[in-house]
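Participant: Give me coordinates for this.
(chains A and B)
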Amino acid sequence: MIRGGKNYVASPPAFSNDAKKILICSANTVSIFSTSTGLLIGELEGHTAQVSSVIVVPATSGGSKVLCYCWTSSLDGTIRYWDFAVSELIKTIDIRFPVYSMVIPSFLSQPREGNAKPRDIFAYICTAQEKEQTANLFGRIQKCNLSQSRLVGNLILGETETPGPIAISPSGKYIGIQEKRKLRIWETPNKDSDHASYKKIRLHHTKSLTTLAFHPTESIIAAGDVTGRILIWRGVGHRGISGGNSLISGGLVKHTNGKLGVRGYGDAEERPGVRGNDDADSCTTCHWHPGQVDVLFFSSDGAYLYSGGREGVLVVWQLDTGKKKFLPRIGSPLLHYISSPDPTMSSISCADNQIHILKMPSLEIQRSISGIKPHTSVPEMYKGSSRGIAFDQSSAVASVCTDNYCVQFYSLLHDQEVTEVRICERNHQPGEEVTIVVNLVSLSWDGSTMCTVESRSPEEGIGGLQSLKFWSRSPHDKSFSLSTVIYDPHREAAISDIAFHPNRPMAVTSSYGSDFKVWVCSETQQKDQMPLSSGWTCHAVASYKKKQMTAATFSGDGSVLAVAAETVITLWDPDRNILVAVIGETVEPITTLSFVGKSKYLVSTSHGSNPLLCLWSMSSLALSWSCKLFAQDIACSLDGTTFAVLAMSSDHSQSDKTSQISDGIIIIFTVEKPVPVATWFAKKATAGALAFVQSNTGSEESMADEKPNELLAYMNNDREYVLFDPLGKEAIERSVPHETAVGLEEAGRFGYASVYGELPEFKLEERQDPLISSVPRGRTWDTLFSGPSHTLPPMTKLCAVFLESLLERRNVEVE
Amino acid sequence: MAMEKPRNFPVKPKLKPTSKNSTPTSESKYWKSFKHPKDTPPQTLVSSISSVTFSPVSPHDFSITHSATVTLFSTKTHLPKSTITSPFRDITTSSSFRSDGLLLAAADLSGFINIIDVKTRSSLRRLKGHSRPVRVVKYPRIDKLHLFSGGEDAVVKYWDVMTETGVFDLLGHKDYVRCGDVSPVSDDVFVSGSYDHTVKVWDVRVSSKGSVMEIDHEKPVEGVVYLPSGGLVATAGGNVVKIWDVIGGGRLLHTMESHNKTVTSLCVGKIGKESGEEGQQNRILSVSLDGYMKVFDYAKMKITHSMRFPNPLMSIGFSPDCSTRVIGASNGTLYIGKRKVKKSETEEVGLVGGLWPIAEPEARVLRPSYFRYFHRGQSEKPADGDYAIIRPKKVKVAEHDKLLKKFRHKDALVSALVAKNPEKIVAVMEELIARKKLLKCISNLESEELVLLMGFIQRHSTTPRYAALLMGLAKKVIEMRGEDIKASDELKSDIRNLKRDVEEEVRIQKSLQEIQGIISPLLRIAARR
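Facilitator: Residues are numbered from 1 along each chain as shown, chains lettered A, B, ... in the order given. Okay, the predicted model is just below:
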């Protein structure tokens, strides 16, 4: 049993301390990928529900860079502590409520004193609670003492309507959430304990806010809203500070008076853009994004702000000047941006289940970690004729239609992308409406030919187009190249199905425009040593009583072509294009047709108000048996006795079609009688797919003498899939074999080390000292600026310490 | 992990079906490079051109036989140099240069052969002996004293020119002798082709025995030519050209059946890329009454080029220096093709003049005071071993693509319309449809831009490739911009033209449907069998 097809981008990933690994939350596990090769090198398995956040314990000194500990939180209500170098669980904390988000401020704040005993680590988590009357969830921000494995009793920072992510400032000083049109920010106490008090700040806006980010050093907060504006509040929380310390300049004292509600003309002038009584000096707006802003991130020195959104462009704002730099054509909405401990590396997560590792100053995509791409949003008019997935049975590769006009080939056995073929050369358009979509893909039985259909929806009745494309795979590098394009193969009518002949280059397209066409590949030898050029040409056209052709399939030996004409099945001789027989009929139009292996049985499904699964015998040309089932998909094993049906729970299909995702059942039948051989419960079965695939690559040593065993692949609505042996006694969970030997890091250093070699360790420690110690030593500032300039912390940080050290010394002298 | 660099895709027109031979081969480029010289007017003579013969010596002038004249053309100017009419009493049929190019033998329908001095245009000898019109006369390859001729009396004669007497009468043909050629390797061997379907090989050394060899072409022979090796003979008759191995006993090597009508003439052409022996490849050029000239590669046994002319073709000639190709048509039109010879080839002649090599001045040491000092190394060329770092090519983005990228949709449409490439315009329109912005653009067009659009629609709405889109679009435009169209006279005339075009198209469609109605029952019946 192999599970795969996980979503990598549901939550932000995290880099390890040496930036050689990236930890990605993928469903119930945390997958560890190498950043240098982009391959999976390990998994943390243990959570029983979606992992919602992962936090790597930062290295406090240079020597501890190899430390590999992380905290994870999950919707199963636990927080776990791992050593991810060896994929080992160390500790589990049970919260009992689903944890949607977790931040740990103490990791980010200044390192604690060396001699003091290690303080408790506190995490702030967003849990989901159920309201008493209704089943709706609401979020609650709570505090958890990780060291003592307990929630801090009855401390609730706040409650939100929906549980969402918590943002944390890079210094760990603030945490915040966005809720509708306001930001709620809490200042965490310096010395965190169970009984710390919190200062709250609220910032208001007129539009719904979607994301927020904190400046690393200054009190600047940026937030994005649904209209694409980025709001930058400066001087947030100054009022609180001035209130506590009255020695600061008079201007700010005035603001403290403003607390009483002085909201007049003068106030608005001095605090431009700030709404109402918000605690900020000014608020400016940056507007470039045409749609919702989903990603905001300040660079570590605070000079730049990264933003991204639905249009798939990463924008780098220079904060002081407002100048912009772009990384365009990522091709998918951005979800998360994470920087790494290595300054030359960062990552962006895209909605198409890809994580790109960026080379930093130049903003180049260095490597991509891609999971299986999610479903495309198909326009309403092509809903019926869209089956955006095909399986290559022999090699267990699924080809799925993706957004951005591509077809992705995904190896089910290895849980890895194989290749991606661009079907339509068009730039990604970030519009709301999808107008061009690849809605059908089909693979020939040997996997050497692919057939795709893409549709462009018309604008007020003009300019609609369907293009049928045949692709051939080169035997050398397994890449597909375009062989033939046919525009509007069935005039305006949409194509309902594509079927390939099992052993010859022949394909059939059936259309709702009451005809089907048989295409053959004519191979011609070019004159001067050119390779074989092949083109697909129309071999025959046929129709039956002007009825819509809704499905087509070839028999196992290719001698019979079965085409469903609405409610009846027509059988044709594919070579001579002669109607052989007509069988049927069903009540509702047939949606799927398939021959059961090489046997004499044909199985058909029909949807609608009277869903039916029928088995037709070819020897008697009559109905063998039928069964009232709403079959989402059928898959026939090649040996020819069994077939699997993905059936939706029938009440769902009839009562309300609007229910988005419902569960279903996988049933295995034999051709003889309508009694299930085996059944499984399948979650999220809407738009799911079933296929029998052969796994002869799994473990070759053990079953070299056996025939390749057939596995059933089930892919659900989220394109998570599971491979299992349908006839096996028990489902043995087998993890994806990942080649650790290959996947491990390339031996290579980056940045400074790659040029000059590793720095001596002692220098790093020396640098630590002045930062940590508040006890003045003789001449701390002597060593402060020693060492190469690039190893120094930012000037702003150093300056404060430097001045402080001078001040302290003078104090001592005065005494 | 497969990694695709983010790319920018320009809008592309729909693909067109491509023919398999879309890219011309180097050989067809060569044959196409024979172009009519620009500075000379097209030469049209009075009547059918029966033969074209090139002089064997440079500058390879050529003689044309037509009506009762022989015209000498210069290959430099491609204009008639001299016209010889005086000795001929009837229509001339054939001419042949002597090996030194000084004398020309020409035959006419009266049965006489005239030997003409090319310089003075006077007839030096007249060979009388044929009782019927003479169809072919040929000088041997080197021999200056003899020639052979064939005529409609079915006799091939071998003449001694000095004494104006026939040496032999070679008998054997049963019908008109129409053509002949001399062997390129021997002065004593020649072939003749006749309407009795045979080609005979004669050897004057064994004249008493009749023909040395007989080849049956199976059609009346119109042309025969020795291939340069001397071992092969190509014969033309009916619409086929056959190649025979005469050394191997007259074995048929290949039959070329690509002409539709009678092949009238053959000649040997060369592909003279280099002057070296191996660089020269020989081809058989054949012309036919169907107006085609075909180039046949007899090494690979296939047609390598084919060229269409508007008139039935009668004769062809190819200059020995590969620079000129002359084809004569039945209406007297002369198709002269001249190939541009590269400078280097012509300069070779100039260099032969006694110029002694001038000693290269010694390279002086460059000092900063010299101007050249600051330019040193700038025109350096990379050596063979150097690794050249190529500057990344700048991507050229069309104006409309730039505008589309900036979401300036209407401007993109207008810029495409201004550029006037219908494929691009339709591609931009399709992209706008995909963005659901086309109708918005149209409603925003200024009146002069609307004129552009209407002009485009009017021109191309009935083009089959664009009709599906443009017909719908035309309807929308008229609906949306009716007021503006009424206001402008120019637009009104466009609409009138559009209406006329649409009516015409409807008529065509109707007649096509009628044809379909006639054909489809026939197809049904055919399919049933």
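Participant: contacting residues for residue A:714?
Facilitator: Residue A:714 sits next to A:646, A:666, A:680, A:682, A:688-690, A:721-722, A:724 when contact means C-beta atoms under 8 Å, 6 or more residues apart in numbering or on different chains. All C-beta spots, glycine's among them, are computed from the backbone N, C-alpha and C.
Participant: what does the stretch 101-250 of chain B put close to chain A?
Facilitator: Nowhere does the stretch 101-250 of chain B come near chain A, counting by C-beta under 8 Å from any C-beta of the partner chain.
Participant: For chain B, what's the nearest residue on the stretch 301-450 of chain A?
Facilitator: Closest residue of the stretch 301-450 of chain A to chain B, C-beta to the nearest C-beta: residue A:329 (3.5 Å).
Participant: Got the confidence number for that residue?
Facilitator: Listed pLDDT for residue A:329 reads 80.
Participant: what's the neighbour count on it?
Facilitator: 16 (other C-beta atoms under 10 Å in any protein chain shown).
Participant: right, and it touches residue A:312 too?
Facilitator: Yes: using C-beta atoms under 8 Å, residue A:329 makes contact with residue A:312 at a distance of 7.4 Å.
Participant: got any residues that touch both of those two?
Facilitator: residue A:428.
Participant: how near is the residue of the stretch 301-450 of chain A closest to chain B to residue A:409?
Facilitator: Counting by C-beta to C-beta, to the nearest Å, the gap from residue A:329 to residue A:409 is 22 Å.
Participant: Same question for residue A:166.
Facilitator: Per C-beta to C-beta, residue A:166 is found 38 Å from residue A:409.
Participant: neighbours of residue B:519, just the number please.
Facilitator: Residues near residue B:519, counting by other C-beta under 10 Å, number 11.
Participant: my hunch is that it is in a helix, does that hold up?
Facilitator: Yes: membership of residue B:519 in a helix is supported by DSSP: H, G, I helix; E, B strand; the rest coil.
Participant: Show me the domain layout of the chain.
Facilitator: Looking at chain A here, since you left the chain open. Domain assignment for chain A by automatic domain parsing gives A:95-204, A:243-278.
Participant: wrong chain, I was asking about chain B
Facilitator: Domain segmentation of chain B under automatic domain parsing yields B:29-341, B:399-528.
Participant: Save these as JSON lines, and put in distance to residue A:336 and mean pLDDT too.
Facilitator: Formatted as JSON lines, the domains of chain B follow (distance: least, C-beta to C-beta, whole Å; pLDDT from 0 to 100):
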{"stretch": "domain B:29-341", "distance to residue A:336": "58", "mean pLDDT": "86"}
{"stretch": "domain B:399-528", "distance to residue A:336": "27", "mean pLDDT": "89"}
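Participant: Out of those, which is the most enclosed?
Facilitator: domain B:29-341 (a mean of 19; mean count of other C-beta atoms under 10 Å in any protein chain shown).
Participant: Figure out how far it is from the centre of its chain.
Facilitator: 19 Å (C-alpha atoms, centre = their mean, to the nearest Å).
Participant: Same check on stretch A:620-638?
Facilitator: In this view, stretch A:620-638 has its centroid 35 Å away from the chain centroid, taken as C-alpha atoms, centre = their mean.
Participant: CA-only coordinates of it in PDB, if you can.
Facilitator: Backbone C-alpha positions of stretch A:620-638 (Å, rounded to 0.1, in the frame of the first residue of the first chain) are rendered in PDB as follows:
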ATOM      1  CA  SER A 620     -25.200 -12.600 -26.700                       C
ATOM      2  CA  LEU A 621     -25.300  -8.800 -27.400                       C
ATOM      3  CA  ALA A 622     -27.500  -8.300 -24.400                       C
ATOM      4  CA  LEU A 623     -27.500  -7.000 -20.900                       C
ATOM      5  CA  SER A 624     -25.800  -9.400 -18.500                       C
ATOM      6  CA  TRP A 625     -26.600  -7.600 -15.300                       C
ATOM      7  CA  SER A 626     -27.100  -4.100 -14.000                       C
ATOM      8  CA  CYS A 627     -26.900  -2.400 -10.700                       C
ATOM      9  CA  LYS A 628     -28.200   0.900  -9.500                       C
ATOM     10  CA  LEU A 629     -25.000   2.700  -8.700                       C
ATOM     11  CA  PHE A 630     -23.700   6.200  -9.300                       C
ATOM     12  CA  ALA A 631     -20.400   5.200 -10.600                       C
ATOM     13  CA  GLN A 632     -17.900   8.000 -10.700                       C
ATOM     14  CA  ASP A 633     -15.200   6.000 -12.400                       C
ATOM     15  CA  ILE A 634     -14.500   2.500 -13.500                       C
ATOM     16  CA  ALA A 635     -11.300   0.600 -14.000                       C
ATOM     17  CA  CYS A 636     -10.900  -2.800 -15.500                       C
ATOM     18  CA  SER A 637      -8.100  -5.100 -14.700                       C
ATOM     19  CA  LEU A 638      -6.100  -6.400 -17.700                       C
END
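Participant: ranges for the helices of chain B?
Facilitator: All helices of chain B, identified by DSSP state H, fall at B:26-32, B:343-351, B:399-405, B:409-419, B:422-434, B:438-444, B:447-460, B:464-480, B:482-487, B:489-528.
Participant: Take those helices and write them to TSV, including distance to residue B:368.
Facilitator: Listed next are the helices of chain B as TSV, based on distance: least, C-beta to C-beta, whole Å:
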stretch	distance to residue B:368
helix B:26-32	51
helix B:343-351	39
helix B:399-405	47
helix B:409-419	52
helix B:422-434	54
helix B:438-444	63
helix B:447-460	60
helix B:464-480	66
helix B:482-487	71
helix B:489-528	68
